[in-house]
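# sharing a model prediction with you, sequence too.
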Amino acid sequence: MTTQPSGRTLLPGGAGRELAQLLPAGAGRELGRWAPAGVVCVLAVAAFLWCGVPARELVVFAAYVGLAVMLPGTLLWRALTGGGPADLAAGLALGYAVEVLAYIPARAAGLPMLVPAVPAAVLVAFACVPGLRRHWRGPAVRERMPMWCAWVVAGIVGFLVVWSTLFLYRVPVTDAYVDMPYHLALVGELRHHMPPTLPSVLGEPLSYHWFVYAEMAATSWVTGIDPVTLVYRLSTLPMAAATVVLVVLVGRRLGGRWGAGAAAAGVTYFLFGPVLVEEVVFSTRSMFTVWASPTQTFGALLFAPVVLLLTGERSPRGWVAFVVLLAALSGAKATYLPLLLAGLVLVLSLIH
């Protein structure tokens, strides 16, 4: 183990060196900047262990999402867009998109275990190609989320963890929300068949909103974790947490201040819609859909970086990330597409 003049501690070996460079410059002196994320991770681990998730499955899941989804996705995001304060969250979204788009042909060919070959190829390319190695470090100068805003994000994600623990994770599978068995059935369908059909109607094609189930099916194949654990416990939390970060970044970009970003996240996650029909239990509050509607959660995660790309400075390579995310979004939650179109029409009308 060595220490560079900048204060960065490097692990032995090339892989350790490159992995260490994912952290911002001077990370050894600024370890406290990661405290909000660390607190949330400890809370999530404690919640899952308390609710019966085996420690081994928790470690395997975290390793898969971190090394096979977020890490290659972050490298691709940096190479295609130049990076920024949302590197890891946007990279997770892009990594999920790549994973799903890789799983579909692999499952159709009857070779679902080929999925890890795609992130492995990305990591090898960024480790071996000289022009790509700099993306392990990220941009030399970039804006960082202030600590107070990071703690706001941690508070919102922590609330999601606690709320989900109370209303899903600790609830017996047989007593969980009524839609959960349907989500589980769709994961089973995507785990074994491509193209998928409705599990409730023999021979009826499953034509929309199924990419999140393909993601869970891919995770189940690669990690060996039972789909029940993924659907009822693990899978939606990383998606929801990254979405909070990305909503803050969208608010920051559109409002010009980090306070606007924090306010955007607060409105998104805590504002109630009007009660149009009395005694209707379905709330418009997004907290309800974090795990009860995986398609909504996955779609929101993919939609946020699309908005970031449209509202920021774009390089020609950035359109590659845009197309990949939009392709995954179309199969994750197609209702976001008319919202995107309406927003673009509104902006163009205001410009002209």
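Happy to help now that I have it.
# quick one: the helices in the stretch 201-350 of the chain, in order.
211-223, 227-229, 236-255, 258-270, 289-292, 294-311, 318-332, 336-351 (DSSP state H, counting those that start in this stretch).
# put together JSON lines for the ones you listed, with mean pLDDT and distance to Tyr103 on each row.
Backbone N, C-alpha and C define where each C-beta goes, glycine included. Shown next, in JSON lines, are the helices of the stretch 201-350 of the chain (pLDDT from 0 to 100; distance: least, Cβ to Cβ, whole Å):
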{"stretch": "helix 211-223", "mean pLDDT": "96", "distance to Tyr103": "4"}
{"stretch": "helix 227-229", "mean pLDDT": "95", "distance to Tyr103": "14"}
{"stretch": "helix 236-255", "mean pLDDT": "93", "distance to Tyr103": "16"}
{"stretch": "helix 258-270", "mean pLDDT": "90", "distance to Tyr103": "29"}
{"stretch": "helix 289-292", "mean pLDDT": "75", "distance to Tyr103": "21"}
{"stretch": "helix 294-311", "mean pLDDT": "92", "distance to Tyr103": "13"}
{"stretch": "helix 318-332", "mean pLDDT": "92", "distance to Tyr103": "11"}
{"stretch": "helix 336-351", "mean pLDDT": "84", "distance to Tyr103": "21"}
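# compare the ones you listed and give me the one nearest Ala62.
Across the helices of the stretch 201-350 of the chain, Ala62 has its closest neighbour in helix 236-255 (8.8 Å, Cβ to Cβ).
# just give me how far the closest one sits from the chain centre.
Taking the mean of its C-alpha atoms, helix 236-255 sits 10 Å from the chain's own mean (Cα atoms, centre = their mean, to the nearest Å).
# what angle separates it from helix 211-223?
Angle, helix 236-255 to helix 211-223, by axes from the mean of the first three to the mean of the last three Cα atoms, to 10 degrees: 130 degrees.
# and the helices of the stretch 201-350 of the chain as TSV, adding mean neighbour count?
Output for those, formatted as TSV (neighbours: other Cβ atoms under 10 Å):
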stretch	mean neighbour count
helix 211-223	25
helix 227-229	19
helix 236-255	23
helix 258-270	18
helix 289-292	23
helix 294-311	24
helix 318-332	20
helix 336-351	11
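# quick one: which of these is nearest Gly131?
Between these, helix 318-332 lies closest to Gly131; by Cβ to Cβ that is 15.9 Å.
# list of residues touching the closest one?
Applying Cβ atoms under 8 Å, 6 or more residues apart in numbering, the external contacts of helix 318-332 come out as 76-77, 80-82, 93-94, 96-98, 100-101, 208-212, 214, 295, 298-299, 302-303, 305-306, 309-310, 314, 336-337.
# a markdown table for the helices of the stretch 201-350 of the chain, including distance to Pro172?
Shown next, in a markdown table, are those (distance: least, Cβ to Cβ, whole Å):
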| stretch | distance to Pro172 |
| --- | --- |
| helix 211-223 | 20 |
| helix 227-229 | 12 |
| helix 236-255 | 18 |
| helix 258-270 | 27 |
| helix 289-292 | 15 |
| helix 294-311 | 20 |
| helix 318-332 | 29 |
| helix 336-351 | 33 |
